[in-house]
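Participant: Generate a structure from the sequence data that follows.
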Amino acid sequence: RLLVELTDGDCTLQSTLATRPVQERLLDLRFGETSVANQMVLLGDVARDAIEDLVAAQCPHAVVVLDPRSGVTLRGEGGPYGAVTVQLQRSSEAILSALDEGTHAHTRVLRSHLALACGVRPGGKLWRASGAVADVAPGMQGTSGGAAQPTFGGFERLLFQVNEARQLSVVHMPRDHDVPVTVTVTVSPAHGLYDE
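Facilitator: Numbers count the residues shown, from 1 in each chain. Next up is the predicted model:
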């Protein structure tokens, strides 16, 4: 079950997408009722590129690790080519900020849920690398920076949060902090706290 929340000023819209239960129980999506263990803000395109590598490796599961020293680790598991690990160093430009009192936090989720939560679409990495322009790519729009952007995907910044129940919250935020619009997607872990 994925909970999508759209906030615009004082108005909040919520939408829930139901998937099959994990371990024969419904998922608890009340993310805010459990303390956040760690959170980091990433450049959206960098995070989506990393997740697309897990998609290309056909990994059905993904482990998300937020560590105050090493940064963000995304590890794909169970794929036909073995495990795939992408490390975004804490000191890199890809990580914009982190929780000061954050601790080592991790969760294991379905890779398809992680991709949906972050706005990943197959081929997006190749499209960005090709430098395609809006007038030759239907369904795409330009931005103020002059570069074309696809109409799908997320905002410029992604806030990853993992709480003590190992739920992952992905908050899509625009670069302009004066625009009060965010999209929050919560994904529950593929395993319970004591299953690993």
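Participant: Show me the shaky parts of the protein.
Facilitator: 1-29, 122-154, 180, 191-196 (pLDDT under 70).
Participant: for it, longest helix please?
Facilitator: Counting by DSSP state H, the longest helix found in the chain is helix 44-56.
Participant: by contact count, what packs against that helix?
Facilitator: Using 3 or more CB pairs under 8 Å, 6 or more residues apart in numbering; DSSP states H and E as the contact test, the elements touching helix 44-56 are strand 71-77, strand 84-89, helix 111-118, helix 124-130, strand 157-163. C-beta: built from backbone N, CA, C; applies to glycine.
Participant: Generate a markdown table for those, with distance to Gly102 and mean neighbour count as supplementary columns.
Facilitator: Listed next are those as a markdown table, based on distance: least, CB to CB, whole Å; neighbours: other CB atoms under 10 Å:
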| stretch | distance to Gly102 | mean neighbour count |
| --- | --- | --- |
| strand 71-77 | 11 | 21 |
| strand 84-89 | 15 | 17 |
| helix 111-118 | 20 | 22 |
| helix 124-130 | 28 | 15 |
| strand 157-163 | 9 | 22 |
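Participant: right, and these - which one's nearest Ala37?
Facilitator: Nearest to Ala37, of all the helices and strands packed on helix 44-56, is strand 157-163, at 5.4 Å by CB to CB.
Participant: next SSE after the closest one?
Facilitator: Using DSSP states H and E, the next helix or strand after strand 157-163 towards the C-terminus is strand 168-173.
Participant: That next one vs strand 157-163, what angle?
Facilitator: 160 degrees (axes from the mean of the first three to the mean of the last three CA atoms, to 10 degrees).
Participant: in its sheet, what does strand 168-173 sit against?
Facilitator: strand 157-163 (antiparallel), strand 181-187 (antiparallel) (DSSP bridges).
Participant: Please convert those strands to TSV, extending it with distance to His104.
Facilitator: Formatted as TSV, the strands paired with strand 168-173 follow (distance: least, CB to CB, whole Å):
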stretch	distance to His104
strand 157-163	10
strand 181-187	19
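Participant: Right, I'll leave it there.
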